[in-house]
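In: how does the following fold in three dimensions:
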Amino acid sequence: MKIKYIILLVGFLFSTNQLFSQVNPNIIYKYSNVGDTVNLKIDNSNGLIQWQQSVDSISWVNIPGQVYDSLLFISNQSVYVRASIVYNNCDPYYSDTLRLIALDTTNLAQACPGAPTVSDFDGHIYNTLRLGNQCWMQSNVKSMNYADGTAIPYVSANASWEALGDNNEDKGFCYYNNYSSNGDIYGALYTWAAAMNGSASSNSSPSGVQGICPYGWHLPSDNEWKQLESFLGMDSNELDLHGFRGTTEGGKLKETGTTHWNSPNLAATNTTSFFGLGGGARLSTGGEFLELKNTSPWWSSTSSGVQNLTAYIRTVRHDKGSISRQPPLKSQGFYIRCLKDTIAAIPIVVTLAATTVNQISGTVSGKIINDAGSAITSRGFCWNT
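Out: Residues are numbered from 1 along each chain as shown. Got it, this is the predicted structure:
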């Protein structure tokens, strides 16, 4: 269980004695896992406080006994929360509204809307996975060619791999121990240059770097990896750190069991269905393969260091439940997961329970929270008997 601290701003202007203007409150969207403790605090209030909650942001009810500047509660359902404040017997004004989305992490698997699979130039088909507002490939890239059909140099000899430079020009890929059967299971290992295919470093969201990925997909930036880690529950204070961070976020990305991981495969739950496998890596020094079933490293599109010899990766291990963020040399061989450039928006419509229902009539209401970018052409309801 984690405690999430969230500060809500209170928007108002006042003269010496009375409130005369109010800034429109914002809606702040946050994720939590079911069972997390959430601590809300308002930072600039003046008056009598009453915390309120709502399931639809339309109808609000007071939370009994919650009249202080902070609110501590267990997240067990998605809910809207705000503070109502009455100053000097005036009409109430409000804090920002928190839209807390409670995630049941027993199963986060969901295919990407409108794109349940994607294929590369070689004909490999990858299932897709929606995690938060991102659409990921569900397995590592295996391609021997870029999306336009250009071949990626296959580098098998240790001396040839060791000769590759830490730059954005020396492309190479291989399979662990040069066995194509390992490629079928774990995917291919690529240098950073091969992953990027000539694109400049990017830490944008989205990165804009197609690289090795199919058309409409891109190599995730360091910031996009952080977005995934935040979605999985990592504390925001840890996102920028180097080394292993978090608690069990890495375990949510790892396949369970010891078929593709060595024991003990700590904290592995695969609740995301990300199916991270312990495919090992290839070192730049000596071109050596190592750590099969111990580790799974993935490239980002973000270079690091003054000399740009390194780039950020993410790593999960068999003996860790957390996720590592490090910038190793670009000539090492690591795996790749691609992100979809855009993800189809899903309309969100909230309907309330029908009231005053009798044999000939009833009252219904609702609200369109998100129109997914499309025009609303009609409104209404339907029923049957």
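
In: now residue 244, which residues is it bridged with?
Out: Residue 244 forms beta bridges with residue 324, as assigned by DSSP bridges.

In: tell me the pLDDT at it?
Out: Model confidence at residue 244, given as pLDDT, is 98.

In: cross-check the contact I'm expecting between it and residue 319.
Out: No - contact criterion C-beta atoms under 8 Å: residue 244 and residue 319 do not qualify, at 10.3 Å. The C-beta positions use only the backbone N, C-alpha and C, and glycine is treated the same way.

In: neighbour-wise, which of these two wins?
Out: Counted by other C-beta atoms under 10 Å, residue 244 and residue 319 do not tie: residue 244 has more neighbours, with 18 against 13.

In: contacting residues around the more buried one?
Out: 250, 320, 322, 323, 324 (C-beta atoms under 8 Å, 6 or more residues apart in numbering).

In: try 10 Å
Out: Taking C-beta atoms under 10 Å, 6 or more residues apart in numbering, we find residue 244 in contact with 238, 250, 315, 316, 317, 320, 321, 322, 323, 324, 325, 326.

In: based on its surroundings, how many neighbours for the fourth one?
Out: Per other C-beta under 10 Å, the neighbour tally for residue 316 reads 28.

In: in which helix or strand does it reside?
Out: strand 310-317 (DSSP states H and E).

In: hey, C-alpha coordinates of that strand in PDB?
Out: Extracted C-alpha coordinates of strand 310-317, given in PDB (Å, rounded to 0.1, in the frame of the first residue of the first chain):
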ATOM      1  CA  THR A 310      25.200   6.900 -23.700                       C
ATOM      2  CA  ALA A 311      21.400   6.700 -23.800                       C
ATOM      3  CA  TYR A 312      18.800   5.900 -21.200                       C
ATOM      4  CA  ILE A 313      17.300   2.500 -20.800                       C
ATOM      5  CA  ARG A 314      14.900   0.700 -18.500                       C
ATOM      6  CA  THR A 315      15.700  -2.600 -16.900                       C
ATOM      7  CA  VAL A 316      13.800  -5.200 -14.900                       C
ATOM      8  CA  ARG A 317      15.600  -8.200 -13.200                       C
END
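
In: look up how far residue 124 lies from the nearest residue to residue 127 once chain neighbours are set aside.
Out: Leaving out its chain neighbours, the residue that sits closest to residue 127 by C-beta to C-beta, 6 or more residues apart in numbering is residue 138, at 4.1 Å. Separation of residue 138 from residue 124 (C-beta to C-beta, to the nearest Å): 12 Å.

In: what touches both of those two?
Out: Contact criterion C-beta under 10 Å, 6+ apart; residues shared by residue 138 and residue 124: residue 118.

In: just the buried members of the contacts of residue 244?
Out: Neighbour-count burial (16 or more other C-beta atoms under 10 Å) applied to these gives 238, 250, 315, 316, 317, 320, 321, 322, 323, 324, 325.

In: turn the residues you listed into a markdown table, columns for pLDDT and distance to residue 271.
Out: Shown next, in a markdown table, are the buried ones among the contacts of residue 244 (pLDDT from 0 to 100; distance: C-beta to C-beta, whole Å):
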| residue | pLDDT | distance to residue 271 |
| --- | --- | --- |
| 238 | 96 | 20 |
| 250 | 97 | 12 |
| 315 | 98 | 19 |
| 316 | 98 | 14 |
| 317 | 98 | 18 |
| 320 | 97 | 16 |
| 321 | 97 | 12 |
| 322 | 98 | 15 |
| 323 | 98 | 14 |
| 324 | 98 | 19 |
| 325 | 98 | 21 |
